[in-house]
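Trainee: need the 3D shape of this:
(one chain, ligands or ions: 1)
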Amino acid sequence: MVQVVGLSFALGALTAATLVWRLDAADIPMSGVSATEAEIAALEASRRTPAALPAHNPPAEPQGAQRPRTPSPVGTTGTAAHATVISDLRARDLEMPVAGVDDDDLRDTFSEARGARSHEALDIMAPRHTPVRAVEGGRIAKLFTSKAGGLTIYQFDPSETFSYYYAHLDRYAAGLKEGQVVKRGQVIGFVGTTGNAAPDAPHLHFAIFRLTPQRQWWQGEPINPYPVLR
Ligand SMILES: [Zn+2]
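Mentor: Coordinates of the predicted model:
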């Protein structure tokens, strides 16, 4: 009997250790939400989403899993640090990333729920094939195809403090390459519905991340583009 108890303890410890290791290896956020619960939440959220709006998870893949472990709480807009970042970006007077879109056309979708996650980006609706432009100069850090984001571009700003993320593209501009330095306003791609965007709702999913000191294209703190572009 003692042996059996001892064995199950040992197995329990082993399972726990394996689980922790697997979580670390996969770099999955410790949200405590099981896949099934997340899927149900996503399904429910998509049912609540009006048909005209794209129902999807944020396509910032590799996902938030690989962002810093301390997610920025909703309402960071109020902190001094965040306000400084917003005013720094505002001062750059960024180009509107979608041709023909005015400030007034923008809707703040940054804090909207997308399944179990927060959107952390703007969805800018536009007809398919509308040119997508670099919001400022800088280096194309990565051309990445993800399940959620489809055809995407990660572009760093000139100081490599921020990454601009453009997703659901129909295609890239001809000849666009990783490492290429693009000019402000340069056409880098075209609006589409690749990834998990609804086929009848073409839009640009646009995000801004403040990079970590390591300057890895997949990692950063999300910054709301809405007050930056308005
Ligand atoms: Zn989006």
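
Trainee: is the closest residue to V101 other than its chain neighbours in a bridge, and if so with what?
Mentor: Of all residues not flanking V101 in the chain, I124 sits nearest, at 5.8 Å (C-beta to C-beta, 6 or more residues apart in numbering). For glycine as for every other residue, the C-beta is placed from the backbone atoms N, C-alpha and C. With DSSP bridges as the criterion, the beta-bridge partners of I124 are L204.

Trainee: hmm, I124 is touching V98, no?
Mentor: Yes: using C-beta atoms under 8 Å as the test, I124 is close enough to V98 to be in contact (4.8 Å).

Trainee: show me which residues of this protein sit near the ion.
Mentor: On the criterion C-beta under 5 Å from the ion, the ion has as its neighbours in the chain the residues A121, D123, H205.

Trainee: the last one and V101, how far apart?
Mentor: Distance check for H205 against V101: by C-beta to C-beta, to the nearest Å, it reads 14 Å.

Trainee: just the residues of the chain next to the ion now: which is nearest T212?
Mentor: If you rank the residues of the chain next to the ion by distance to T212 using C-beta to C-beta, A121 comes first, at 18.5 Å.

Trainee: state the distance from the closest one to L106.
Mentor: Here the distance between A121 and L106 works out to 12 Å (C-beta to C-beta).

Trainee: and what of L143?
Mentor: The spacing between L143 and L106, counted by C-beta to C-beta, is 25 Å.

Trainee: residue ranges in this structure under the pLDDT threshold?
Mentor: Low-confidence regions of the chain, defined here as pLDDT under 70, cover residues 1-79.

Trainee: can you give me the strands in it?
Mentor: According to DSSP state E, the chain carries its strands in the segments 113-114, 117-118, 122-125, 131-133, 138-146, 150-156, 162-172, 181-182, 187-191, 203-211, 220-223.

Trainee: quick one: strands adjacent to the fifth one?
Mentor: Looking at strand 138-146 with DSSP bridges, its paired strands and their directions are strand 150-156 (antiparallel), strand 181-182 (antiparallel).

Trainee: just name the most buried of those strands.
Mentor: With neighbours defined as mean count of other C-beta atoms under 10 Å, the strands paired with strand 138-146 peak in mean count at strand 150-156, which reaches a mean of 23.

Trainee: would you turn the residues of the chain next to the ion into JSON lines with neighbour count?
Mentor: Listed next are the residues of the chain next to the ion as JSON lines, based on neighbours: other C-beta atoms under 10 Å:
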{"residue": "A121", "neighbour count": "27"}
{"residue": "D123", "neighbour count": "22"}
{"residue": "H205", "neighbour count": "28"}
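
Trainee: right, and out of the residues you listed, which lies closest to R215?
Mentor: Taking C-beta to C-beta as the measure, A121 is the one of the residues of the chain next to the ion closest to R215, at 20.2 Å.

Trainee: quick check: phi and psi on the closest one?
Mentor: Recorded main-chain torsions at A121 are phi -160, psi 170, according to degrees, to the nearest 10.

Trainee: quick check: chain neighbours aside, which residue is closest to it?
Mentor: The nearest residue in space to A121 (C-beta to C-beta, 6+ apart) is A207, at 3.8 Å.

Trainee: care to break this protein down by domain?
Mentor: Structural domains annotated on the chain: 2-28+36-47, 83-229, as defined by automatic domain parsing.
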